[in-house]
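Participant: let's see this in three dimensions:
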Amino acid sequence: MRPERMAHRWRRRHGKWLAVLPELVRQSRRRGGAEELHQARVTLRRLRLSVRLGRAAFPASAIVRFRSWAAQVARATSPVRDLDIAIEWLRAAKAGPALVKECLGRRNSVWRRRRALLVPPPHRLPAHLMAQGGEMKRWAAALAKRYARMEARCREYLRTHLPRFFQLAEEDRHEFRRRVRRWRYLREQMLPTRILEKDVLCQRLLAVQEALGEIQNLDLVASALQRFSPSTERAELQVLLAHQQRYQLEASRKALARLKPWLRG
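Facilitator: Below you'll find the predicted structure:
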């Protein structure tokens, strides 16, 4: 791909996320709904990676301010999102209303304490993070080189750690999944739409991300169940959860095996 074409594509998608994120954060603060929080977090992740990828186009001070603000939003929403996942699982498992209500009450309590941290980006920061098209030639080559380096690092990290994934510590597994997601986001940001629709590597990365994400989600559910008082219902839910965890481990093995051939070279 020619650097300037890549730069145009990156700039267009970067601008889209930069435009919608402040409103998503405002909606999350105002309403606190599970879907709004989730969409804000996904868009924030994409924009964080986009800023990292295109850092040559931005003032260093703007990058520092953005990272500080983004980290605050991520910290504020993370525990709320964890409980949203547990509530979604409880409802799907047809848990009793009392358990769902207890978990929902806990979730809303956490959200009320943290919603004050959900503030719009600092004044004029979005403008400082909007790459100027007239300066594209100056930073297009740097963007292309950085994309190649970041993709190569993702590939190498996954190639090194995949063979022993199930022996990794929990935090290292989470880091592995983050690298999978980063690589997928990179490709989705920089490849043309017509190629993305048929890109097998993106499909493999998405399958691994979802499989490993479900393992992580089930671990969050297990932690939430531990906080309920012992009961017959809790025991039955834990049996169901254990069955799902075994199934998801096997699904993850298969997804990782399908990704492995794409990690060579």
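Participant: all contacts plus neighbour counts: C-alpha atoms, from now on.
Facilitator: Fine.
Participant: residue 199 versus residue 254, what's the distance?
Facilitator: Plainly put, residue 254 is 19 Å away from residue 199 if you go by CA to CA, to the nearest Å.
Participant: and residue 87, by the same measure?
Facilitator: From residue 87 to residue 199 the distance is 34 Å (CA to CA).
Participant: likewise residue 148?
Facilitator: Taking CA to CA as the measure, residue 148 falls 17 Å from residue 199.
Participant: rewinding a little: neighbour count winner among residue 87 and residue 199?
Facilitator: Of the pair residue 87 and residue 199, residue 87 is the one with more neighbours under other CA atoms under 10 Å, namely 23 against 14.
Participant: for that one, which residues are in contact?
Facilitator: Residue 87 is in contact with 100, 103, 104, counting by CA atoms under 8 Å, 6 or more residues apart in numbering.
Participant: what of residue 224?
Facilitator: Listed by CA under 8 Å, 6+ apart, the contact set of residue 224 reads 83, 86, 103.
Participant: name the nearest of those relative to residue 5.
Facilitator: Using CA to CA, the shortest approach to residue 5 within the contacts of residue 224 belongs to residue 83, at 41.7 Å.
Participant: please tell me how far that closest one sits from residue 106.
Facilitator: Distance of residue 83 to residue 106, computed by CA to CA: 8 Å.
Participant: neighbour count winner among these two?
Facilitator: For residue 83 versus residue 106, neighbours defined as other CA under 10 Å are more numerous around residue 83 (24 against 13).
Participant: about what we covered before: neighbour-wise, which one of the contacts of residue 87 leads?
Facilitator: Neighbour count (other CA under 10 Å) singles out residue 103 as the most crowded of these, with 21 neighbours.
Participant: show the model's pLDDT score for residue 26.
Facilitator: According to the prediction, residue 26 has pLDDT 93.
Participant: any idea which element it lies in?
Facilitator: Element membership for residue 26, per DSSP states H and E: helix 3-31.
Participant: after that helix, next one along is what?
Facilitator: Remark: after helix 3-31, the chain's next helix or strand is helix 34-53, criterion DSSP H and E.
Participant: can you show me the helices along this protein?
Facilitator: Here the chain has its helices, by DSSP state H, at 3-31, 34-53, 60-92, 97-114, 125-128, 136-161, 170-190, 193-196, 200-226, 232-259.
Participant: hey, least reliable of the ones you listed by pLDDT?
Facilitator: Mean pLDDT is lowest for helix 193-196 among these, at a mean of 88.
Participant: give me the nearest residue to residue 15, chain neighbours excluded.
Facilitator: Spatially, and ignoring its direct neighbours in sequence, residue 15 is nearest to residue 130 (6.5 Å; CA to CA, 6 or more residues apart in numbering).
Participant: residues in contact with the one you found?
Facilitator: Residues near residue 130 by CA under 8 Å, 6+ apart: 11, 14, 15, 18, 58.
Participant: and it, how far from residue 71?
Facilitator: Shown here: residue 130 relative to residue 71, a distance of 20 Å by CA to CA.
Participant: what's the answer for residue 115, then?
Facilitator: Going from residue 115 to residue 71 by CA to CA gives 14 Å.
Participant: could you do residue 185 as well?
Facilitator: Plainly put, residue 185 is 19 Å away from residue 71 if you go by CA to CA.
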